[in-house]
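Undergrad: I would like the atomic coordinates for the input below:
(2 chains)
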Amino acid sequence: MQRIYQLLSIQVQQAIEVAFREEILATNISKNLLNPQIMPASKPEFGDFQVNGALSLAKLIKKSPRQIADNIVNQLNRNSKFKEVCLPPVIAGPGFINITLKEEYLITEIIHRAQDEKLGVPILQEESSKSNRVIVDFSSPNIAKEMHVGHLRSTIIGDSIARILEFRGYSVLRLNHVGDWGTQFGMLITHLKNVAPEALTTANKVDLGDLVAFYRQAKQCFDIDKNFKSSSRQEVVKLQQGNEKSIKAWNLLCSQSRKEFQKIYDLLDIKLEERGESFYNPFLESVVTDLEKLGLLVTDQGAQCVFLEGITGKDNNPLPVIIKKSDGGFNYSTTDLAAIRYRLSPPPKGDGACRVIYVTDAGQANHFLGVFQVAKRAKWIPNNCHVEHVPFGLVQGEDGKKLKTRSGETVRLIDLLTEAINRAKQDLINRLEKEGRQESIGFVEEVSKVVGLAAVKYADLSQNRITNYQFSFDRMLSLQGNTAPYLLYALVRIAGINRKSKDLLKKQMQVRFHEKEEWSLIRELLKFEDVIIQVEEELLPNRLCNYLFELSQVFNRFYDHVPVLKAEEPFQSSRLILCQMTGSTLKLGLNLLGIATLERM
RNA sequence: GGGGUUGUAGCUCAGUUGGAUAGAGCGACGGUUUCCUAAACCGUAGGUCGUGGGUUCGAGUCCCGCCAACCCCGCCA
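TA: Prediction:
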């Protein structure tokens, strides 16, 4: 309820200023202390909004909070515009002012909302002065490795953030900063030369599973064998110098991995632009020389570093960010710095972004803190633009430890998703049997895929991303509680009503409500825009999940207590409007989480 | 040793720039189906918000100390 909130804020603020004009002039109180502190009511019985400002004004204006509240309310009661939309305000408790919107106003809003494709969410207008380009950097698997459970959260959370920003009207660039460069390739190429040279010259000779095995072997050789180590380093040098054969081999390895990644992205319905670390290669040297010119670079133990301000390590010495290694190689910090410059530079030499969001695990917080500080000191981040690390916690098993398979290995992402789908399928088959329903194989396949994937995504997103996240198939697929199936079911109920009401919804019908479940649902529906805006600012998709769950609960209460199809006019049409709005809100909300929906399940 | 994050009901978690009697879900217990998919709804029980101070009209929320868990800490990303 953005519009009414802003309107009320202004009106209450004005009421305060008028009511206490003399006191304000006498004591020279600064304006920001007169903030009405209006916010959504903490409980339904308090109405729609509450004004907390009277309490903090008590000290400034030597009066009791209730007296102050009384004066404010008197002013509001004289304001005809205020009276148009609100019932007379009520003073409660130590000095809160409770504001309740008039039913007529709620009806106008809900009708307005029903006609708005964006469901009331304000959409950004193109501003010529400021770039509205945002980069979301997420997923980021490593070439020659399989995507595993560690990539799950970045991929799901990043996608959802990107969707929400896109919806709000930003021009979002979704970047997959894949690990496609560095020592790992030297290792792998050296090893493949020995054991499977054809993989380096011919496409599709080895699949990703083999590559992963080869990579493991290569890593072992690298750690044990000195000769292997040095030839690996040479391979890296060749690669960096652009040696034709090396580049070809590298390309083959990358495309092999890319195919596997794409399968997972297709399954999860995630669109990403691949731009690996190698992309920034041409810009690495200038990062070093420019930092040098700025006088930020210090050579220490053979490595070129920038020492951080205010971040110390052992012995209270400043911690370094290594820009160039003692062997002349570059580091991931160097790549990240080059990436920041490129992303924030105007086209054609850059992306022209103004906000860059990095969705990576919380373990990298220190790294980003360092890199961002260096970028700031080098003045590579323009004013009004910002780079943000959006951290998330570990995926843990039900034992509270890092999620592993029974044999103690990392869980492949594809296995995890397949298992979720299979479990959803089994649940569905059991239920069909129990209810004596007959459904086609296609139906079962489709429903279990949607439910399984929705469950995985929703379980992840519905948790505050900063904390560690306990993964449990049983809980996420559970048919009760704050789960994807619960939300999907609410939508199925609405779809059921829609199927049977095709000709019932009449245009021009008078809209009327008289049940408390109807009003709760209306109020809940009108909160959607507030939630979206909040998520955009805080980048916490769990707030959206929370809202959708509450909306589903409120809807289910409505559904249980208020008949729709059997109601008389004008109530039937009025209720059908609420059903449709709930449906479109749930659908859009789930879509912004990257979750597909169903008509039947 | 330094830094970061976390600590809220038996379990998993919400908790908005500090605001009224701290909320959900699961699990437990008890109810509801002539009616739009009961994968639902209603009710009951369950809390010294890790701990000790401080700031204030008011603290789960802000500040300081302590305890515990996890993560990071120079040439991997």
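Undergrad: in chain A, which helix or strand is least confident?
TA: helix A:21-27 (a mean of 79; mean pLDDT, DSSP states H and E).
Undergrad: residues of it that come out buried?
TA: A:Ile24 (16 or more other CB atoms under 10 Å). C-betas here are computed from N, CA, C, even on glycine.
Undergrad: quick one: secondary structure of A:Glu117?
TA: coil (DSSP: H, G, I helix; E, B strand; the rest coil).
Undergrad: in chain A, where's the longest helix?
TA: Using DSSP state H, we find that the single longest helix of chain A is helix A:244-268.
Undergrad: tell me what that helix is packed against?
TA: For helix A:244-268, the packing partners by 3 or more CB pairs under 8 Å, 6 or more residues apart in numbering; DSSP states H and E come out as helix A:152-167, helix A:183-195, helix A:208-224, helix A:226-241, helix A:413-435, helix A:441-461.
Undergrad: how about the helix or strand that that helix is followed by and RNA strand B, touching?
TA: On the C-terminal side of helix A:244-268, the nearest following helix or strand under DSSP states H and E is strand A:273-274. No: using CB under 7 Å from any atom of the strand, strand A:273-274 never reaches RNA strand B; the gap is at least 14.3 Å.
Undergrad: what packs against strand A:273-274?
TA: Judged by 3+ CB pairs under 8 Å, 6+ apart, strand A:273-274 is in contact with strand A:171-176.
Undergrad: who's the nearest residue to A:Lys324 once chain neighbours are set aside bridged to?
TA: Once flanking residues are discounted, A:Lys324 sits nearest to A:Gln304: 4.0 Å by CB to CB, 6 or more residues apart in numbering. With DSSP bridges applied, A:Gln304 shows beta-bridge pairing to A:Thr299, A:Lys324.
Undergrad: I'd like the mean pLDDT over the stretch of helix or strand A:Met581 belongs to, please.
TA: Element membership of A:Met581, judged by DSSP H and E, is helix A:571-592. What helix A:571-592 shows for mean pLDDT is 95.
Undergrad: okay, the angle between it and helix A:441-461?
TA: 70 degrees (axes from the mean of the first three to the mean of the last three CA atoms, to 10 degrees).
Undergrad: quick one: helix A:571-592 to chain centroid distance?
TA: 23 Å (CA atoms, centre = their mean, to the nearest Å).
Undergrad: stretch A:107-122 now?
TA: 24 Å.
Undergrad: ok, stretch A:382-396 next?
TA: That offset, for stretch A:382-396, works out to 11 Å (CA atoms, centre = their mean).
Undergrad: got it, and stretch A:63-79?
TA: Relative to the chain's own centre, stretch A:63-79 is displaced by 41 Å; criterion: CA atoms, centre = their mean.
Undergrad: I figured A:Met1 hits A:Glu529, correct?
TA: Yes: if you go by CB atoms under 8 Å, A:Met1 and A:Glu529 touch, sitting 7.3 Å apart.
Undergrad: close to RNA strand B, is the helix or strand containing A:Leu544?
TA: Secondary-structure assignment from DSSP H and E places A:Leu544 in helix A:541-561. Yes: using CB under 7 Å from any atom of the strand, we find that helix A:541-561 touches RNA strand B at A:542-543, A:546, A:549, A:553, A:556-557, A:559-561.
Undergrad: give me the buried entries from those residues.
TA: Buried among the residues of helix A:541-561 next to RNA strand B by 16+ other CB under 10 Å: A:542-543, A:549, A:553, A:559.
Undergrad: which parts of the stretch 401-550 of chain A sit against RNA strand B?
TA: A:402, A:427-428, A:431, A:435, A:447, A:451, A:463-464, A:466-470, A:475, A:478-482, A:485-486, A:489, A:492-493, A:495-497, A:500, A:534, A:540, A:542-543, A:546, A:549.
Undergrad: can you select the buried ones from the residues you listed in PyMOL?
TA: Buried subset of those, written as a PyMOL selection, criterion 16+ other CB under 10 Å:
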select buried, chain A and resi 427+428+447+451+463+469+470+478+482+485+486+489+492+493+495+497+540+542+543+549
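Undergrad: about what we covered before: which of the residues in the longest helix of chain A are buried?
TA: A:246, A:249-250, A:252-254, A:256-258, A:260-261, A:264-265, A:268.
Undergrad: ok, those vs A:Lys43, which is closest?
TA: A:Leu268 (38.7 Å; CB to CB).
Undergrad: I'd assumed A:Ala420 was in contact with the closest one.
TA: No: checked against CB under 8 Å, the pair A:Leu268 and A:Ala420 is beyond contact range at 11.2 Å.
Undergrad: can you give me the neighbour number for A:Glu433?
TA: Look at A:Glu433: counted by other CB atoms under 10 Å, it has 9 neighbours.
Undergrad: an error on my part: the question was meant for A:Tyr105.
TA: Counted with other CB under 10 Å, residues neighbouring A:Tyr105 total 15.
Undergrad: contact partners for it?
TA: Neighbour list for A:Tyr105: A:4, A:84-86 [criterion: CB atoms under 8 Å, 6 or more residues apart in numbering].
Undergrad: now with 7 Å?
TA: A:Val85 (CB atoms under 7 Å, 6 or more residues apart in numbering).
Undergrad: host element of it?
TA: helix A:103-114.
Undergrad: can you pull the buried residues of that helix?
TA: Buried residues in helix A:103-114 (16+ other CB under 10 Å): A:106-107, A:109-110, A:113-114.
Undergrad: identify the farthest-apart pair in those residues.
TA: Farthest pair in these, by CB to CB: A:Leu106 and A:Ala114, 12.4 Å.
Undergrad: right, and A:Asn464 touches A:Asn542 too?
TA: Yes: using CB atoms under 7 Å, A:Asn464 is in contact with A:Asn542, at 5.1 Å.
Undergrad: distance of the residue nearest the centre of chain A relative to RNA strand B?
TA: Centroid check for chain A by CA atoms, centre = their mean gives A:Ile161 as the closest residue, at 3.1 Å. For A:Ile161, the distance to RNA strand B equals 16 Å [CB to the nearest atom of the strand, to the nearest Å].
Undergrad: how about A:Gly209?
TA: Distance, A:Gly209 to RNA strand B, using CB to the nearest atom of the strand: 22 Å.
Undergrad: so what pLDDT did the residue of the stretch 101-250 of chain A found nearest RNA strand B get?
TA: Minimum separation of the stretch 101-250 of chain A from RNA strand B (CB to the nearest atom of the strand) falls at A:Gly182, amounting to 3.9 Å. Listed pLDDT for A:Gly182 reads 78.
Undergrad: still on that earlier bit, what lies in contact with the helix holding A:Leu544?
TA: Here helix A:541-561 makes contact (CB under 7 Å, 6+ apart) with A:157, A:160-161, A:458, A:461-465, A:482, A:486-487, A:490, A:493, A:515, A:517-518, A:520-521, A:524, A:527, A:531, A:534-535, A:582, A:585-586, A:589-590, A:592-593.
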